[in-house]
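In: sequence and predicted structure are below.
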Amino acid sequence: MTLASAPVDPAIKLDCVSYAPFRGEQTPFMQDLVISPEQIAADLAELSKVTRCVRTYSIDNGLDKVPELASKVGLKVILGVWIGRDRAKNALLIDQAVSLVEKYPGVITAMIVGSEVLLRGEMIASDLRQTIRLAKSRVKIPVTYADVWEFWERYRAVADDVDFITIHILPYWEDFPVRAEQAAAHVDEIRKRIALEFPGKEILIGEAGWPSRGRMREGALPSRINQARFVAELVERARRENFRVNLFEAYDEPWKRQWEGTVGGAWGVFDGWTRELKYPAGATVSDHPLWHLQLAGGLLFGLCTFGSALLALRRRPSLPRLASWVGVAISATLGGILLGLAAEDFLYQSYGVGGWLLQGSLLSVGIAAPILCSNAITSKRAMPTFRELIGRGEGAPLALPKQILGFALMAVTLLAVETALSLVFDARWRDFPFASLTMAVVPFWTVTLANRSMSSARPIAEEVFASLLALAAIYIVFNEGFRNWQSLWTSAVYFLLVNTLWRARSLPVAAMAPIMPAVAARAGLQPANLVESAAAASSNGGHPSPDRIY
């Protein structure tokens, strides 16, 4: 991708950016949290290199120091007042905002009374209008209210009480998500539409941005490249057509992942942890800046997978079939390609104890599956049923390698069910675990293709899990739409696991009856002993027991 200009170029400063100072575990929900002036000053000093203005959303948590500190680095401030259901607190915050306006008249250029309070349903329009009029009567700078553009169309009367209209346009979050390639044009189209509906009112695009990480919504893909594209195209369009735009946002806010998933913490043009600009002028933009390390790790992992398969040859009297090596190659190749992406997902999608545990488990089974299954394929080790693993199977106890293989598949199945159900019941904030799940599921599928079990245990649990996954996958496909390749890929992996679980990993006695005499004759066994022999073979990794001569 070639851009006409750098996404953020210090030589041509941005008009304005949204600023929140929270780092690491700091959140605005910590009532006693006060961000130190030194932390805010450090941020504003960096921002002053790329923008002329910052927009704030609150004056709590130490943000009342922003105007003073901004004045020292030459930044203007659009001061936000965060109002909600508590009328007494609203009045107190407005009093504080009025004091700041009076104290820093050359720094604060406008006041935003409320941000998306109508969208959140925390105030009715009449109360909001009264609050705006009260604030407006006490200051000599322009006063506005900010909300998503649809709510300005729904509550048109609010426009009578503001000096200019502030609209939020986030193409990714639209009811019908917009692809990154059309996102900047979409923002401009909405701006023109609102301008026509409210003639005589200046329009400020108070929020416009694109996430650099997170799950897809239909065809809208969060990525570093798409974020850079959107910012560069929107800023260039704003300069060309002379309209005001405030980018959302200055810094990533990792704490938002708790409420909005990975995508919530990835809207900044600066990294939330390092506080460094994501797109320095002249630097190449890449979705995977550590691809060299990921490539080396993938190659090493592929070699380990083949090494695991080769280790099994020491216990085999003959070489595996070509089909077995094809299965090993598939597991090694997919694992090598996806390992770096799965590790990246682990780092960025984990939040809180539950998040780290889930993502860590997904990555662990994704790493373990190709190695275990490649060894199983060349060892002719078939999959045991879940019933056998928990001690209800018939026949001799399972060998340890076979137990490990079975419990690994059980872990993959449980994790797949958990992620599938979360994508059904809490889809908006959930990422698609396509990379780690593919690494984990495909190897087990190749084992079921290559090695047939002769266990007489019926895989009832597998049938239940498979049915649940199949229904969930069908729902996910239609709920997410056919333009969402992350959803389609993830659902395809669920269906592959369904196929793995539904495959007949047992051969019931009734099905064996027609072939028992012939097999018994070749084995030198009485038909009555055939099932016992088959069970013993299954417990021996699919091989005949050493005391049987075939």
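Out: Perfect, I can see it now.
In: pull out the buried positions in the helix or strand hosting Ile78.
Out: Per DSSP states H and E, Ile78 falls inside strand 76-81. Neighbour counts using 16 or more other Cβ atoms under 10 Å place 76-81 of strand 76-81 among the buried residues. Every residue, glycine included, has its C-beta placed from N, CA and C.
In: any chance of the residues you listed in a markdown table, with distance to Pro7 too?
Out: Formatted as a markdown table, the buried residues of strand 76-81 follow (distance: Cβ to Cβ, whole Å):
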| residue | distance to Pro7 |
| --- | --- |
| Lys76 | 22 |
| Val77 | 23 |
| Ile78 | 22 |
| Leu79 | 27 |
| Gly80 | 25 |
| Val81 | 30 |
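In: now the strands for the stretch 201-350 of the chain?
Out: Counting by DSSP state E, counting those that start in this stretch, the stretch 201-350 of the chain has strands at residues 202-208, 244-247.
In: could those strands go into CSV alongside distance to Ala472, mean pLDDT and mean neighbour count?
Out: Output for those, formatted as CSV (distance: least, Cβ to Cβ, whole Å; pLDDT from 0 to 100; neighbours: other Cβ atoms under 10 Å):
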stretch, distance to Ala472, mean pLDDT, mean neighbour count
strand 202-208, 34, 98, 24
strand 244-247, 38, 97, 24
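In: make JSON lines out of those and add distance to Trp291.
Out: As requested, those are exported to JSON lines (distance: least, Cβ to Cβ, whole Å):
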{"stretch": "strand 202-208", "distance to Trp291": "29"}
{"stretch": "strand 244-247", "distance to Trp291": "27"}
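In: out of those, which comes closest to Lys13?
Out: strand 244-247 (11.5 Å; Cβ to Cβ).
In: quick one: contacts of that closest one?
Out: 14-18, 53, 55, 78, 187, 202-209, 231, 234-235, 238, 269 (Cβ atoms under 8 Å, 6 or more residues apart in numbering).
In: same question, stretch 354-368
Out: Against stretch 354-368 from outside (Cβ under 8 Å, 6+ apart): 257, 301, 335, 338-339, 342-343, 345-346, 349-350, 408, 411-412, 415, 418-419, 433, 435-440.
In: give me the buried subset of these.
Out: Applying 16+ other Cβ under 10 Å to these flags 257, 301, 335, 338-339, 342-343, 345-346, 349-350, 408, 411-412, 415, 419, 433, 435-440 as buried.
In: just the residues you listed: which are in helices?
Out: Of the buried ones among the contacts of stretch 354-368, the ones assigned to helices by DSSP state H are 257, 301, 335, 338-339, 342-343, 345-346, 349, 408, 411-412, 415, 419, 435-440.
In: what stretches of the stretch 51-200 of the chain score poorly on pLDDT?
Out: Within the stretch 51-200 of the chain, no stretch has pLDDT under 70.
In: which stretches of it form strands?
Out: Secondary structure of the stretch 51-200 of the chain (DSSP E, counting those that start in this stretch): strands at 53-55, 76-81, 108-115, 143-148, 164-168.
In: can you give me the angle the second one makes with strand 108-115?
Out: Calculated by axes from the mean of the first three to the mean of the last three Cα atoms, to 10 degrees, strand 76-81 forms an angle of 30 degrees with strand 108-115.
In: and the contacts of strand 76-81?
Out: 16, 52-59, 66-67, 70, 93-94, 97, 100-101, 104, 107-115, 135, 146, 246.
In: and stretch 366-385, average pLDDT?
Out: Mean pLDDT, taken over the full extent of stretch 366-385, equals 92.
In: Gly219 and Ile112: what is the separation?
Out: To Ile112, Gly219 is 32 Å away according to Cβ to Cβ, to the nearest Å.
In: between the two, which one's more packed in?
Out: Neighbour tally, Gly219 and Ile112, criterion other Cβ atoms under 10 Å: the higher count belongs to Ile112, 26 against 17.
In: hang on, that one packs against Asp147?
Out: No - under the criterion of Cβ atoms under 8 Å, Ile112 makes no contact with Asp147, lying 10.2 Å away.
In: who touches both of these two?
Out: Common contacts of Ile112 and Asp147 (Cβ under 8 Å, 6+ apart): Thr166.
In: quick one: low-confidence parts of the stretch 401-550 of the chain?
Out: In the predicted model of the stretch 401-550 of the chain, residues 453-458, 504-550 satisfy pLDDT under 70.
In: what about the helices in it?
Out: When assigned using DSSP state H, counting those that start in this stretch, the helices of the stretch 401-550 of the chain occupy the ranges 434-450, 460-480, 485-502, 509-512, 516-523, 530-539.
In: possible to save those helices as a markdown table with distance to Ala183?
Out: Shown next, in a markdown table, are the helices of the stretch 401-550 of the chain (distance: least, Cβ to Cβ, whole Å):
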| stretch | distance to Ala183 |
| --- | --- |
| helix 434-450 | 23 |
| helix 460-480 | 19 |
| helix 485-502 | 18 |
| helix 509-512 | 57 |
| helix 516-523 | 65 |
| helix 530-539 | 56 |
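In: just name the most buried of the ones you listed.
Out: Using mean count of other Cβ atoms under 10 Å, the stretch among those with the largest mean neighbour count is helix 434-450, at a mean of 25.
In: helices or strands next to it in the packing?
Out: helix 322-349, helix 352-379, helix 400-425, helix 485-502 (3 or more Cβ pairs under 8 Å, 6 or more residues apart in numbering; DSSP states H and E).
In: dump those to TSV, plus distance to Val285.
Out: Formatted as TSV, the helices and strands packed on helix 434-450 follow (distance: least, Cβ to Cβ, whole Å):
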stretch	distance to Val285
helix 322-349	16
helix 352-379	26
helix 400-425	30
helix 485-502	21
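In: which one of the ones you listed lies closest to Met30?
Out: Evaluated over these, closeness to Met30 peaks at helix 352-379, with 15.5 Å, by Cβ to Cβ.
In: which parts of that closest one are buried?
Out: For helix 352-379, the neighbour count (16+ other Cβ under 10 Å) marks 355, 358-359, 361-379 as buried.
In: same deal with stretch 73-92?
Out: Here stretch 73-92 shows 75-83, 90 as buried, counting by 16+ other Cβ under 10 Å.
In: mind picking the two most distant members of the residues you listed?
Out: The largest distance within these, taken as Cβ to Cβ, falls between Leu75 and Asn90 and amounts to 26.6 Å.
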